[in-house]
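1. Structure for this input, please:
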Amino acid sequence: MSETDGKLPVSVFLITKDCGRWLDRVLEPLADFAEIVVLDSGSRDDTLVIAEQYGASIHHQEFRGFGAQKQAALELCSQPWALNLDGDEVIDETLCAAIARLVRQDDPAVVGARVRIRDWFIGVPASKAARPIRRVRLFRRERGRFLARETVHESVQLDTDGGRVLDLPGWIEHFGVESVALRVEKINRYSTYRAEQDLARGKGPSALKLFTVFPLRFLKSYLLRRACLSGRRGLIQSVANAYYAFLIEAKKFERIEERRLGMHRPANKR
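-> The predicted structure is shown next:
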């Protein structure tokens, strides 16, 4: 396996819009990676200035939904391996070292790797004893793709035929929901995307789910995923998760009623 100027043959790709408050922390650990690709959808802060300082390849595209945007960014990558990060996610030293080992070993039987993701909220990370979210973020570039129909909560579709997906140690630290205001803003925006995505797939509103989704999602987050171990922050986050799920159902109901009544609905903006 060849490396570019001694760097890891990995393309790190990010889709961005106004990520300047986090981007220094995001890009700083990536110095040993051969390529950083940034696909921006209209940042008005210092996102692009920071990306340029770290030698990123910067591209522009109007936002088309998270799945389509991630696929467009992936297609701009050139290295054998691809690492998918958001503009508010930081890889820690342990994860960085694990990625380096995996890529340098270049076991042909390994096609990708799952990593743990941890939210920071009001200045403190979630407890490591809570059940973490794991996602495939590192993969062989030619074995992965994103689907345009996944406008939110997109995930790489990995061709694992004849290959394995490993779990890596370390963490991706997620700072994009670090305040109540940011959490509420994302809940409102993402629930709209998700409601529209569900309706496009024929998944309409459910009266039963509208009634039960809040308490069930709260219990799943607070007890089953052990957010209770993060104290009052875990309580707030669990309520927020439940409210997000409730809003999806409420907005699906709203959209159906708007259509039935012939009401005008303003266009959604990212």
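2. separation between residue 204 and residue 151?
-> 17 Å (Cβ to Cβ, to the nearest Å). The C-beta positions use only the backbone N, C-alpha and C, and glycine is treated the same way.
3. Sorry, wrong one. I was asking about residue 214.
-> Residue 214 sits at a distance of 23 Å from residue 151 (criterion: Cβ to Cβ).
4. Give me the more crowded residue out of those two.
-> Between residue 214 and residue 151, counted using other Cβ atoms under 10 Å, residue 151 has the larger neighbour count: 22 against 19.
5. what sits against the more buried one?
-> With contact taken as Cβ atoms under 8 Å, 6 or more residues apart in numbering, residue 151 is in contact with 65, 66, 67, 68, 193, 194, 196, 197.
6. Which pLDDT value goes with the fourth one?
-> So the one you mean is residue 68. In this model, residue 68 is scored at 95, pLDDT.
7. Pull the contacting residues for it.
-> Counting by Cβ under 8 Å, 6+ apart, residue 68 makes contact with 146, 148, 151.
8. 7 Å instead?
-> residue 148 (Cβ atoms under 7 Å, 6 or more residues apart in numbering).
9. Work out the gap between the strand or helix carrying it and the centre of the chain.
-> In this structure, residue 68 is located in helix 66-75 according to DSSP states H and E. A distance of 12 Å separates the C-alpha centroid of helix 66-75 from that of its chain, computed with Cα atoms, centre = their mean, to the nearest Å.
10. and the helix or strand following that helix, what other elements does it pack with?
-> Beyond helix 66-75 on the C-terminal side, the first helix or strand identified by DSSP H and E is strand 81-84. In this structure, strand 81-84 packs against strand 8-16, strand 133-140, with contacts taken as 3 or more Cβ pairs under 7 Å, 6 or more residues apart in numbering; DSSP states H and E.
11. Residues in contact with strand 81-84: which ones?
-> Counting contacts by Cβ under 7 Å, 6+ apart, the residues outside strand 81-84 that touch it are 9-13, 70, 74, 99, 103, 137-141, 144, 156.
12. Quick one: mean pLDDT for that strand?
-> For strand 81-84, the per-residue pLDDT averages 98.
13. next one: stretch 167-180
-> The average pLDDT for stretch 167-180 rounds to 96.
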